[in-house]
Each structure stands twice: as C-alpha cells, then as structure tokens.
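Asks: heads up, no residue letters with this:
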Ligand SMILES: Nc1ncnc2c1ncn2[C@@H]1O[C@H](COP(=O)(O)OP(=O)(O)O)[C@@H](O)[C@H]1O
Ligand SMILES: O=P(O)(O)O[C@H]1O[C@H](CO)[C@@H](O[C@H]2O[C@H](CO)[C@@H](O)[C@H](O)[C@H]2O)[C@H](O)[C@H]1O
C-alpha cells in the first residue's frame, strides 16, 4: 500500500463510486454517482492488515466517513466487503474485520490524539480490550460493531460538525441516573471541526428489540384465529404499558436535565407550516395521497388554535419499536440522533414530547398490519385477520398511553388535536419513506391516513 493515505484512498474513487450506492447507510441509494472526492485520509494502523480512516464527499455535497482495511490477501469472510484493488493489495470495509476492530477497541481504551482524530473515554470509565468484535447485522443508517458482551460502537456515517445529539442526550440521561439508556463509554471526535465520528456505549447483551417482541405477539394472535388480543399467550399490552412508562420517564429526565418551555402562537405556527411543507413535498412524490389532502391540512391547521400553548423539550425524535430494547430489567431507548429526514440544526430544537408518543403509536399500527400487507378486506378470512390486527393495535396503543400517563408528565389521550396532527404528520413521512424504500409497505401508512378521514 502507498505510504500516503490520501493518495491510496484517492486511487479507489472509481471503485467507491460503484460500491457506495449499494450500502444501506448511503443516502443517495440507487442513484449513479458522478464524482467521489477524498477530503482527507489518515492511517490509523500500518502493516498487514492496515486500517485507514477517510472522509469523502460525493457529488450531491454529502460527506461520508469510511474505515478502510487493506490486506495483501482477502480472507473468505471479507470477500463480500471488498471495495477495490490498491496495487497488489485488497481494500475493503474494515468494520467487517475483527482483527482491525481490535485495533479500534485499543484506540478507544487507551485514547489517542493523532492525525486529527481524538479518541477519548468518558470520565471514570475503564474499557476492557481483547474482546471479539462482530458487526451488527441489521439494516441501519450507520454502522455498528459489538465487542464481546461489553460494548457497541457506532460509526456515524455522515458526521456533522458541532454537538452530536445521540451522545449529548445519552450523557444527560446517564447523568440523571436514567435506567432507560445505555452508559456512554467513549467517543471519537474530529479534532478540527469537532464532529463526533463514533460513539461507544454499554451493550445490552440480554436485549431484544421492541419490534421483534411486538410482531411475535401479533403472529401469536393471528395463529389463533378466533381469540381476541387479550386472550392469547403472547399478549403485549403489559409490555406496551411498561414501555409507555419508560418513555415518560425519559421525557421527565430530559426536561429536568435540559429544560422545557411553553411556546406560543409563533412557534406553533412555524411547526404547522413545516407539516404542510412536508405534505407538499410528499404529495408531489406520491399522488395516492392527494385524496386525503383536505383532511390532512385541516388536522394540521387545528393545531394553530391551541391557545394554551404547547410544551416543548428535548425528546427522542425518531421513536418507534425498532428504537427500544427490552432487557431483563426493563425497556431502554437507543439512537437519539433524531428524525433522519430533518436537517441537523432542526434535530437540535426542542419539540413536543407528543412527537415521540405519536411515533410509537404509529409503530403499533405497523406491527399489527405488516404481516397482512397483501390481505384483502373483502374476503371473509382476511377481514377477520385485519379486524384482529386492528384490535391488537388499539389495545397496545391504549396500554402505551396509560403507562405514559401513570408517570405524571401528562396524559397523551387528553391532547387529541396535537396527537392527531403529529400522528398524521408521521404517517405522511412514512408514506414517502415506504414509497422510496419498501413500496410493498406504503399501504400501511396510507391505510392509517384513510382511517383518520
Ligand atoms: N446499547 C445497546 N445494546 C444492545 N444493542 C444495541 C444497543 N444500541 C444499539 N443496539 C442495536 O444496534 C442496532 C443499531 O443501533 P442504532 O443506534 O439504532 O443505529 P443506527 O443509527 O444505525 O440506526 C439497534 O437496532 C439495536 O439492535
Ligand atoms: O430507524 P431509522 O432511524 O433508520 O428510521 C427509518 O427506518 C424505519 C424502518 O426501519 C422507519 O420506521 C417505520 O417502519 C418501522 C417498521 O420497520 C415502524 O416500526 C415505524 O413505526 C415506521 O415509522 C422510520 O420511519 C424511518 O425513519
């Protein structure tokens, strides 16, 4: 490999143009790239294998972060991660290489401030090294690696200068003694612009995702045919209630640590304008939404009349059943980056906690209906399954709200105008998300919008 990292990565630009669009975390998926420019590259560890860090810019101006491994010979396990040849050597996605991830764990444990990258443990935390590394297999917006049963490290694929919401909110909650988040362990920062490049936190080895639990419950129900959601073994309502309580506790801790305020007509109007703006954009992309436009606009405009103002604070911002984990001791929330579609500066704003509630309520609807995506309500058997699934969603949505209200930070069910607008706004977002990423599922948010009419 060339001893000049920038030169080495720059010689891969043609290969990167072909490789990037296939990556789940790459935002411009499915589109041909005309240019890839290497902004900087740093050698983190030499030898064979070598580890390079690079920041690249693609033709839409988006910046991405890469960890590139270089080996004289590619092992079978790394074939799928191949990016391109560097002279006689092979360049590949380094997060898939346990040997190189051990180097990364050493950097996190011992700290370093070289080549413009700062690796730093959180105060008072010791990091164990020599743990086996494995990449997280799920489809994600970033890339995560698990070390033993101890840590999970997230590489932010699109680092943003300034404060990182995921890290800051984890720190604030952990300071508050919250049991609903993982302990922050270490961060990697770009010494120049101060962007957080990576974040290690405590790994919950005993955890299962809320989405997996909820959909298992729906499967149980559908297998029974005749029984109601409350009568089957896999009933989820008690868990949904505990989840509501956990979310309310997180909201209470965030408000206590970082403040809350009541906003009046100006800010409310701005938020309503944003909902209309999103609808404009999605209508242009998905014509099937047009028949619901008057109802949606009326639901958003109803928020303007909330004379008593709206309480805002820092919230999760992208809450759904895939962002919560059930451990053996309770529910935890992960990934506080905020809504993927919002600009980084927008994500830092305080928002109504009902946004999170609405996100979770939408998620119960998804969990109930995704298995029935192809069902036809006109046939008797499918009608029965759809009715049962709808009952499941109602039951768990109510249990979630009751669990939330029990904490004393407010009852979402008492704020019907706001909750309805936020749920519909989220559903509009989901229509665009599904249209772009999972067209078979676009019927789920569309059906929810139709039912609200
Ligand atoms: N502290 C943790 N303990 C156990 N698993 C975790 C933890 N944090 C994240 N995960 C797992 O990693 C996956 C991706 O994490 P997430 O922070 O949502 O990344 P992304 O920003 O890429 O979506 C989650 O869906 C979850 O399964
Ligand atoms: O987790 P991300 O931050 O990447 O969020 C995006 O992807 C989610 C899908 O993984 C998407 O969530 C939608 O589908 C979920 C089921 O897969 C469902 O539970 C959510 O309620 C629904 O919104 C999310 O909208 C998108 O931003």
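Replies: Happy to help now that I have it. For clarity, every value in this text was computed on a predicted model and none was experimentally measured. Ligands and ions are numbered 1, 2, ... in the order given.
Asks: Any idea how many residues pack against whichever residue of the stretch 151-300 of the chain sits closest to ligand 2?
Replies: The nearest approach of the stretch 151-300 of the chain to ligand 2 comes at residue 211, 5.7 Å away (Cβ to the nearest ligand atom). (Glycine included, C-beta is placed from N, CA and C.) Other residues within reach of residue 211, judged by other Cβ atoms under 10 Å, total 18.
Asks: Could you give the number of residues near the residue in the stretch 101-250 of the chain that ligand 2 sits nearest to?
Replies: Nearest residue of the stretch 101-250 of the chain to ligand 2: residue 141, at 4.5 Å (Cβ to the nearest ligand atom). Around residue 141 there are 16 other residues, counting by other Cβ under 10 Å.
Asks: average pLDDT across the helix or strand where the residue of the stretch 151-300 of the chain closest to ligand 2 lies?
Replies: Here residue 211 sits within helix 210-224, counting by DSSP states H and E. When pLDDT is averaged along helix 210-224, the result is 94.
Asks: Next: stretch 435-453.
Replies: Here stretch 435-453 scores 93 as its mean pLDDT.
Asks: now do stretch 314-323
Replies: Across stretch 314-323, the average pLDDT comes to 97.
Asks: returning to that earlier point: and for the helix holding residue 211, what's in contact with it?
Replies: With Cβ atoms under 8 Å, 6 or more residues apart in numbering as the test, helix 210-224 has contacts from 227, 229, 231-236, 239-240, 243, 320-326, 331, 363-364, 367-368, 370-372, 385, 388-389, 392, 396.
Asks: can you narrow these to ones near ligand 2?
Replies: 320-322, 363 (Cβ under 6 Å from any ligand atom).
Asks: so which of these is the most crowded?
Replies: Highest neighbour count within these: residue 363, with 25 neighbours (other Cβ under 10 Å).
Asks: tell me the phi and psi of the residue of the stretch 101-250 of the chain closest to ligand 2?
Replies: Dihedral angles of residue 141 (phi, psi; degrees, to the nearest 10) stand at phi -80, psi -20.
Asks: All further residue positions should be reported with the first residue as 342.
Replies: Noted, 342 is the first residue going forward, which turns the last one into residue 482.
Asks: How about the contacts made by residue 766?
Replies: Residues counted as contacts of residue 766 (Cβ under 8 Å, 6+ apart) are 616, 619, 641, 699.
Asks: Does the second one touch residue 771 like I think?
Replies: Spelled out, that is residue 619. No: the pair residue 619 / residue 771 is not scored as a contact, 11.1 Å apart, by Cβ atoms under 8 Å.
Asks: So which of those two has more stuff around it?
Replies: In this view residue 619 and residue 771 are compared by other Cβ under 10 Å, and residue 771 has more residues nearby, 25 against 18.
Asks: need the residues of the stretch 642-791 of the chain near ligand 2, please.
Replies: 659, 661-663, 681, 703-704, 707, 771, 774.
Asks: Which member of these is positioned nearest residue 360?
Replies: residue 681 (21.6 Å; Cβ to Cβ).
Asks: hang on, the earlier thing: do you know how far the residue of the stretch 442-591 of the chain closest to ligand 2 is from residue 366?
Replies: For residue 482, the distance to residue 366 equals 6 Å [Cβ to Cβ, to the nearest Å].
Asks: joint contacts of the two?
Replies: Common neighbours of residue 482 and residue 366 (criterion: Cβ under 8 Å, 6+ apart): residue 498.
Asks: count of neighbours near the closest residue to residue 572 other than its chain neighbours?
Replies: Leaving out its chain neighbours, the residue that sits closest to residue 572 by Cβ to Cβ, 6 or more residues apart in numbering is residue 565, at 7.8 Å. Neighbourhood size, residue 565 [other Cβ under 10 Å]: 15.
Asks: any idea how far ligand 1 is from residue 565?
Replies: Distance, residue 565 to ligand 1, using Cβ to the nearest ligand atom, to the nearest Å: 28 Å.
Asks: contacting residues for the residue most central in space within the chain?
Replies: When Cα atoms, centre = their mean is applied to the chain, the residue found nearest the centroid is residue 676 (5.5 Å). Residues in contact with residue 676 (Cβ under 8 Å, 6+ apart) are 507, 659, 664.
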